[in-house]
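Enquirer: just need the structure, nothing else, for what follows:
(chains A, B and C)
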Amino acid sequence: MKDLLNGWGLTAATFLPLVGLAVMMLIPKAEETLHKVVALVTSLAVFAIGVALIATFDYDKTGNLQFVVDKKWIQLINSRYIVGLDGISLPLLALTVFIVPLVVIYSWNHFPEPNNPKAFLALILLLETGMVGSFVAQDLILFFVFFEIVLLPMYFMIGVWGGEQRQYAAIKFFLYTLFGSALMIVSILATYSLSPKINIDGHLVHTFDMRLLSTWAGGGLARTTGILVFGGFFMGFGIKVPMFPFHTWLPDAHTQAPTQGSVILAAVLLKLGTYGFVRIAIPIFPQAAKSWAPAIGILAVIGIIYGALGCLAQTDMKRLIAFSSVAHMGFVMLGIATLTPFGINAAIFGMVAHGLITGMLFFIAGSVKDRFHTLEIKRLGGLLIQAPHMGWLLGLACMASLGLPGLAGFWGEFPAILSSYSPAAGLSLPLFRTFMVVAAIGTILAAGYLLWLLQRVAFGTPTEEFADEHIHDMHLTDYIAWVPMVVMILVLGFYPNLIFRVTDGAVIHSLAGVTKLGG
Amino acid sequence: MGQYLPVVAMLVLAVVFAILSFAASKLLAPRRPSAAKSSPYECGIVPSQEPPERFPVRFYLVAMIFIVFDIEIIFMYPYAVIYRDLGAFGLVEVLTFAIAVFASFVYLIANGALDWGPAKRLGRRDPQMSATRTTTSTVRRVGLEGRPAGDEEVAA
Amino acid sequence: MTSLLFAQLGTPHRIQTPSVAWSGLLPVLVLLGGAVVLMVVGALLPRRSRHSWHLWLTLLIAAGSIGCAVPLWFRVRDHGPLSILRDAVRVDGLALFLGIVIVVGVMLAALLTDGYLRREELEGPEPYVLLMLSATGGLLMASANDLIVMFLGLEILSLAVYVLAGLHVRRLRSGEAAMKYFVLGGFSSAFFLYGIALAYGATGSTNLTDIQRFLATNTLTNNGLLLASFALLLVGFGFKVAAAPFHSWAPDVYEGSPSPVVSFMASAVKAAAFAGLIRVFVYAFALDRHDWQPIVYVVAVLTLLVGSVLAVVQTNVKRMLAYSSINHAGFVLVGVQAASDRGVRSALFYLATYTFMVAGSFGVVTIVGRRGDNRHQLDDYKGLARTEPLLAFAFLVFLLAQAGVPFTSGLWAKFYVIGAAVEARSFWLALVAMLSTVISAFLYLRIVLAMYGGADEADEAAPAVPRLRIPFAARIALVVSVVATIGFGLVPGPLTHASKTAVPKIAAGK
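Expert: Sure, this is the predicted structure:
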């Protein structure tokens, strides 16, 4: 078992969805149930592999890559098929394989117009390949390919199954991200040709191998060059996160995307950006990361405050949650900007927590839209009366999102704020302490808008418009999809060490370059 | 310079011949112009505007075909002079060239480029009287087809 | 007088005629001979035929040409390039690689032409003959090692394409396109010829090997003449590949010309012109690269930007694709600008993959254009995904490949080009190229969304249009293009390897 996983585990987790996709392509479009079953079975199989990976992962050596496969891929440019899993990727991989089956289950009877489960589920499976692949890839080109693959299904999901402004939102989403990727690919190639050649089979060649590049860690690179190359990565990942001021695609994309799209977007796709910082940009260019850290920190706290203020100004529930994502990802980025193990651990926790909580919120928003056909906060109210279960879950998710201790959200935000009290050596203390204060204000604002949302949507009595309507509370599929998420939010809230224990070693390992630089 | 002398001699001869011909026709031809002779229409109606020049396009076609064979001849002359020196290579080259020209000649003949007079084949293929011939199919509206409007499809 | 005349001719003596390695020229000769045979046989048999034997014969001839090129490829790979006709023609990897690309372009265009001719009630073997003749010129250009031969190739290539542009005799636009193309093309040929003259003046030879040797062994005290010849030659090539600022003919001509012909123009003609460009600049003028690189740099930046920015404002899909093909020319120029092995390799890879993408794109455009070939507005693509899902999918693949999305050959094409630019330390050029990709991605997405998303409300109101007819031959072309585009996207290795093998050695710097 262990041997099999060692050789094939990650590859199987990555490409199994494609196999499912191929099977679905062979099934005629009319066989909707069969499509659903195939998609569910595939995603569950991937989940099972994920569980097996988690079970056999060696938690004593989280800093080391495990289940590594290193095979020839494109020899000409010496890009290799390298996949591996360490403490940083493990939680995110787990999050991905966990969320996708839930999304498929939720979709069971909730296909957005224009229906067509075959195409919709196929896109979800394709997304899964891209997401899992991005988290396990250890070669820059391989990573880039997976990173880009994710774009397309999401683009179609928004553009075809989205709301009224879907075309605008889809194109905006695609162009913003593509813009980032375009700069990133230049940076990847620059990294390739700037890094020293390594010896492979007697030939001196450049490499895309992230492991080797992290060991190199930008040694001997001119300061400005490093800063510019990091800038390319910053754009690629920062837009994906999204950081202020590149966040404008996010509210549009979220608002227009179908529920499933929003959930995957919030839960996993945004993490690709922050993961990229932690996995690629910082370990390979620690020196440049240090120069960029204040800027990232400033943008992060602007994001926190701006996102919160943006939330307060929203009238649409989904848009509000989208803006809250901007704020939450601000916390994550703040943790990353400190360049300390503590901050980055917090950031990774924040990613997972945000994935679960915001995913949950989008699920609920989707269900609300399904029943009321609107998400305008003004027209909603009294959810607790009409659909008590859903109302309570909304309450729980809001509490988790605002960072109530005991729920997952807390462990993402609080340590991130705390870590900026003492950033890595060489970063300006006063500046980061200011960030800390501003971010703390951000949490107050977060409490403000989330409670406000909860009060307007869940409390009170239903508005006249919907007072007499029968609102169905949660469906069976809703229960199956949401309960695991709630459980995870609670478990992680009570026992955060579940993740910290995994990430810590890997984070310290990946920050080796920064630590070496010293003051 | 001496080597160009024959060329110059040819040139002078050509010019002299042309001048002589023109001069001869000017001097010798009888010239009795009248108004009726120079009017464009024999029926006598005075045109209100300059009539467009009518000219059979076949003249151009023939002129172009002529050029092709003219060029062949131009290549043949020098070859004829030194064909011994060139040997088999020259023969192959000229044959290749001749075949290419011949192929185009066959093409021209087959497509009726040298048929003079009204097109006979067209008449045989499409009878003058038939149900498919209507005013829209026979009257050609110039300038509409191929325009982006697209709705006014004109069958040719 | 007569004695004088004959005295000049001298006594007979054997003239040394070059020995010709005919086997090296076989791909060209097969194509040329095939074209002549098709012309004659086609003229003798009835013009109207229920069977598309013109097409099949064309494919057979083209396949024969490729069949002759493949053994040559291995011979050249193992034993070095063949120098034919006193080094006027050089059959090397570059020539064969792009030669095969050009012939593939002919095959794809021919497959599209068949259905087009039937739909438009045109007839005769002429389009196929012209395609093959034009390709002959292209092959000659790709293997020319002498500027004069290259000019001959360019003219053979161009003259045939001028006629092809006016193929649709009953469509005014088609004639207009042919006229524009002809006048501007003639103009650019003149520039090219003048450039050759100046290069001859500066170096004393038109043979590229001699030019390169001359420049390597001599230092020009005044290189004004050489620089002027660079500029003029670049104008000539720039026109053929539609590089800004010599691009302005492209949108009009692409819009007016029959769509299958456009696919040929954008694939094979471009490949041939780039072959010439690479041969002359990257190889013959290798040592003066510091003089021409900045010019190509600027031209590449302009081409990339013009191709992407102006495409965005178009509403006619054919014009959009015309501008996008300008943008792609810019990408290949980025590879050329690097003036390195990697740069040439990436340009070759780009041209090979782009041939399939663009042939496929214009194949779809041909079909959607319907009778009259003028339904090219974005609105005509609305809801295509529902009425013709497979056709829409094929177009999707081509568009995404042009945008450089993973799993398509477009990603690798762009990747290699950018890699070459980065390696040559042209970071800003690489950046501009990628940004232009983003801009042009917008336009591909517009088409994609029109096909996939835009038909729900408009659908009921839209008048019932008859189903599109997708001819069998066009189907083949589309399937081949899709398979190639995705295939080279998944497994770029073989093509990458071939492009690597194809690259001749560049003379080392001074």
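Enquirer: now chain B, which segments are flagged as low pLDDT?
Expert: Within chain B, the set of residues satisfying pLDDT under 70 comprises B:1, B:39-40, B:42, B:44-55, B:117-156.
Enquirer: longest helix anywhere in it?
Expert: If you go by DSSP state H, chain B has its longest helix at helix B:58-110.
Enquirer: which stretches in the stretch 201-350 of chain C count as strands?
Expert: For the stretch 201-350 of chain C, strands defined by DSSP state E, counting those that start in this stretch do not occur.
Enquirer: where in it is pLDDT low?
Expert: For the stretch 201-350 of chain C, no range has pLDDT under 70.
Enquirer: which residue ranges form the helices in it?
Expert: According to DSSP state H, counting those that start in this stretch, the stretch 201-350 of chain C carries its helices in the segments C:208-217, C:224-241, C:249-256, C:259-264, C:270-277, C:289-312, C:317-338, C:341-368.
Enquirer: to chain B, which of the ones you listed lies closest?
Expert: Distance to chain B, taken as Cβ to the nearest Cβ, is lowest for helix C:249-256 among these, at 8.4 Å. Quick note: C-beta positions are derived from backbone N, CA and C, even for glycine.
Enquirer: quick one on the thing from earlier: reformat the helices of the stretch 201-350 of chain C into CSV and put mean neighbour count and distance to chain A next to each item.
Expert: Supplementary listing: the helices of the stretch 201-350 of chain C in CSV, determined by neighbours: other Cβ atoms under 10 Å in any protein chain shown; distance: least, Cβ to the nearest Cβ, whole Å:
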stretch, mean neighbour count, distance to chain A
helix C:208-217, 17, 27
helix C:224-241, 22, 23
helix C:249-256, 24, 23
helix C:259-264, 30, 25
helix C:270-277, 28, 21
helix C:289-312, 20, 11
helix C:317-338, 28, 12
helix C:341-368, 28, 9
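Enquirer: okay, those in JSON lines with distance to chain B next?
Expert: Listed next are those as JSON lines, based on distance: least, Cβ to the nearest Cβ, whole Å:
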{"stretch": "helix C:208-217", "distance to chain B": "23"}
{"stretch": "helix C:224-241", "distance to chain B": "25"}
{"stretch": "helix C:249-256", "distance to chain B": "8"}
{"stretch": "helix C:259-264", "distance to chain B": "13"}
{"stretch": "helix C:270-277", "distance to chain B": "21"}
{"stretch": "helix C:289-312", "distance to chain B": "19"}
{"stretch": "helix C:317-338", "distance to chain B": "11"}
{"stretch": "helix C:341-368", "distance to chain B": "13"}
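Enquirer: the helix or strand A:Gln167 falls within - contacts with which helices or strands?
Expert: Here A:Gln167 sits within helix A:166-194, counting by DSSP states H and E. Secondary-structure packing of helix A:166-194 (3 or more Cβ pairs under 8 Å, 6 or more residues apart in numbering or on different chains; DSSP states H and E): helix A:140-149, helix A:151-161, helix A:223-240, helix A:249-256, helix C:409-423, helix C:427-452.
Enquirer: chain B is nearest to which of those helices?
Expert: helix C:427-452 (17.9 Å).
Enquirer: rounded mean pLDDT for that closest one, please.
Expert: Average pLDDT, helix C:427-452: 87.
Enquirer: just the buried positions in it, please.
Expert: C:427, C:429-452 (16 or more other Cβ atoms under 10 Å in any protein chain shown).
Enquirer: are that helix and chain A in contact anywhere?
Expert: Yes - counting by Cβ under 8 Å from any Cβ of the partner chain, chain A has neighbours in helix C:427-452: C:427, C:430-431, C:434-435, C:437-438, C:441-442, C:445-446, C:448-449, C:452.
Enquirer: what's in contact with stretch B:65-83?
Expert: For stretch B:65-83, the surrounding residues in contact (Cβ atoms under 8 Å, 6 or more residues apart in numbering or on different chains) are B:86, B:90-91, B:94, B:97-98, B:101, B:104-105, B:108, B:113-114, C:9, C:12, C:15.
Enquirer: which among these count as buried?
Expert: Of those, these count as buried by 16+ other Cβ under 10 Å: B:86, B:90, B:94, B:104-105, B:108.
Enquirer: which one of those is nearest to chain A?
Expert: B:Ser104 (46.9 Å).
Enquirer: any idea how far that closest one is from C:Ser49?
Expert: Distance check for B:Ser104 against C:Ser49: by Cβ to Cβ, to the nearest Å, it reads 22 Å.
Enquirer: got it, and A:Pro294?
Expert: Note on A:Pro294: its distance to C:Ser49, by Cβ to Cβ, is 76 Å.
Enquirer: which of the two has more neighbours?
Expert: A:Pro294 (16 against 13; other Cβ atoms under 10 Å in any protein chain shown).
Enquirer: now do the SS call for that one.
Expert: helix (DSSP: H, G, I helix; E, B strand; the rest coil).
Enquirer: what's the pLDDT at it?
Expert: 91.
Enquirer: for it, which non-adjacent residue is spatially closest?
Expert: Nearest residue to A:Pro294, sequence neighbours excluded (Cβ to Cβ, 6 or more residues apart in numbering or on different chains): A:Leu431, at 5.8 Å.
Enquirer: burial of the one residue in chain A that gets nearest to chain C, as a residue count?
Expert: Of all residues in chain A, A:Ala182 sits closest to chain C, at 3.4 Å by Cβ to the nearest Cβ. Residues lying near A:Ala182 (other Cβ under 10 Å) number 26.
Enquirer: need the contact list for it.
Expert: C:434-435, C:437-438.
Enquirer: for residue 31, grab the count of nearby residues.
Expert: The chain I'm using is chain A. A:Glu31 has 14 neighbouring residues, counting by other Cβ under 10 Å.
Enquirer: switch to chain B, please.
Expert: B:Arg31: 5 neighbours (other Cβ under 10 Å).
Enquirer: so it sits in a strand?
Expert: No - if the criterion is three-state DSSP, then B:Arg31 is coil and not within a strand.
Enquirer: C:Gly115 is in contact with C:Gly363, isn't it?
Expert: No - counting by Cβ atoms under 8 Å, C:Gly363 is not a contact partner of C:Gly115; they are 9.3 Å apart.
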